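> Kindly generate the corresponding structure for this input.
(chains A and B)
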Amino acid sequence: MLPEVTFQFHHTDEEFKRRIRKTTILLSVITLIELGIGLTIYTIHKGEHPNGTLVMMFKGMVCILTLAKAYYIVSVFMHLGDEIRNMIMTIVVPLMLFIWFIIAFIYDGNSYKNLRNKFDKSYYERTGIKKENKSTEHEAHPGGKD
Amino acid sequence: MTTTAVSQHQTKWWSGGKSPFNLEYGKLMMWYFLMSDSFTFGAFLISYGTVRFSSNAWPDPNHVFNAFPGAGHSNLPLAFVSLMTFILILSSVTMVLGVHAGHNADKKGVMKWLIWTILGGLAFLSCQAWEWTHLYHEGAWWGRNPFPAANGTVASTNFTNFFFTITGFHGFHVFSGVIINVIMLIMTYKGVFERKGHYLMIEKAGLYWHFVDLVWVFVFLCFYLI
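This next block holds a predicted model:
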């Protein structure tokens, strides 16, 4: 039986090696940047008055960098970028559900927190107010945001 | 003659005799499996996000994950998990090289890179086993959470439940990926793909392995970085 495949990657060995090396370096560099940001967040939290907006900004940046990493893994390592456009679309279009999925559920979680804090005061007092902690190990930052 | 005339009017890709997506059936189905699996992981991570957003405070990952094997009680946030991340990225690279060796029908190359990939997978699993053991000895497990929330209040067990469930589910994927790669190694060694004339099976195993790496990128983001 003949294999039904007519598939050929149009990459020479040279070109392939260059591409893989480039992607490996890119992924490593992005991971290092992410680590740098992670340590920055850690330092901000350790400080006297952690800046909530700044922390949120840095967290947003790591999210974007992670999406970039995902793009490179899928497109180069998994060769999705080399496939036929129609095939790519059958994968990517269903994944768009995630846009709704993430926004709807996170929004719902946040709304549940706000309602609970509003109507269940004892819950708010137990969990929502910063507790003074003697140990500097667990130095706190203003709660309620994350 | 009439049949050829008719087939010339048909579209290029869907007229039969050729895979419409220029992909082998098994490989296409692997893609669809991975897409559905991404929804499984997505649902896990999104439920984690939802619960975290519905909580007033959450433990700070930098205070929970700060140990390194052999480093005693020194405070090293993010160090060990970055090692795990790099191990998985490198094992993904060796898998790409193995798949490429398969394109060139280079049996020795396929075996060499598969062995490296398996070693990377085993190294990752060992790291995870160490981390789980360490956390267990600190009192963390399903239903038990010794870590206070970042604002100093007592945190619920949601943190540990989600952590062990999601990293455990990912670790199970890594484990099955290692098993699949070992089977591929044995089949390559026995010359199964040589007789078939193509190494497409390595490509399918490779897709699965890259997916495991892809999921870790997101687990790393959700549990350790933010």
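> Am I right that B:Val219 is in contact with B:Gly42?
No. Contact criterion C-beta atoms under 8 Å: B:Val219 and B:Gly42 do not qualify, at 11.6 Å. (Glycine included, C-beta is placed from N, CA and C.)
> which of the two has more neighbours?
B:Val219 (21 against 17; other C-beta atoms under 10 Å in any protein chain shown).
> quick one: what helix or strand has the more buried one in it?
Here B:Val219, judged by DSSP states H and E, is contained in helix B:200-219.
> can you give me the mean pLDDT across that helix?
The pLDDT scores in helix B:200-219 average 96.
> quick one: is that helix near chain A?
Yes. Shown here: helix B:200-219 in contact with chain A (C-beta under 8 Å from any C-beta of the partner chain) through B:200, B:206-207, B:210-211, B:213-214, B:217-218.
> check contacts around the closest residue to A:Phe105 other than its chain neighbours.
Nearest residue to A:Phe105 in three dimensions, chain neighbours excluded: B:Thr50, at 4.5 Å (C-beta to C-beta, 6 or more residues apart in numbering or on different chains). By C-beta atoms under 8 Å, 6 or more residues apart in numbering or on different chains, the contact set of B:Thr50 is A:105-106, A:108-109.
> tell me the two of those that are most distant?
The most widely separated members of the contacts of B:Thr50, counting by C-beta to C-beta, are A:Ile106 and A:Asp108 (7.3 Å).
> out of those two, which sits in the busier spot?
Applying other C-beta under 10 Å to A:Ile106 and A:Asp108 shows that A:Ile106 carries more neighbours, namely 16 against 13.
> Tell me the secondary structure at the more buried one.
Here A:Ile106 is helix, with the state taken from DSSP: H, G, I helix; E, B strand; the rest coil.
> Now B:Val182: which helix or strand?
B:Val182 belongs to helix B:158-189, assigned by DSSP H and E.
> Sketch out the helices for the chain, chain order is fine.
No chain specified, so I'll use chain A. A:13-46, A:52-72, A:85-95, A:97-119, A:121-127 (DSSP state H).
> looking at chain B here, not the other one
B:2-9, B:25-53, B:61-64, B:79-103, B:107-137, B:158-189, B:192-196, B:200-219.
> The longest one versus helix B:25-53: what angle between them?
Using axes from the mean of the first three to the mean of the last three C-alpha atoms, to 10 degrees, the direction of helix B:158-189 lies 170 degrees away from that of helix B:25-53.
> Run the contact check for helix B:158-189 versus chain A.
No. Helix B:158-189 stays clear of chain A (C-beta under 8 Å from any C-beta), getting no nearer than 11.3 Å.
> If you count neighbours, what's buried in that helix?
B:158-164, B:166-167, B:170-171, B:173-175, B:177-178, B:180-181, B:184-185, B:187-188 (16 or more other C-beta atoms under 10 Å in any protein chain shown).
> Return the list of helices and strands in contact with that helix.
With contacts taken as 3 or more C-beta pairs under 8 Å, 6 or more residues apart in numbering or on different chains; DSSP states H and E, helix B:158-189 sits against helix B:25-53, helix B:107-137, helix B:200-219.
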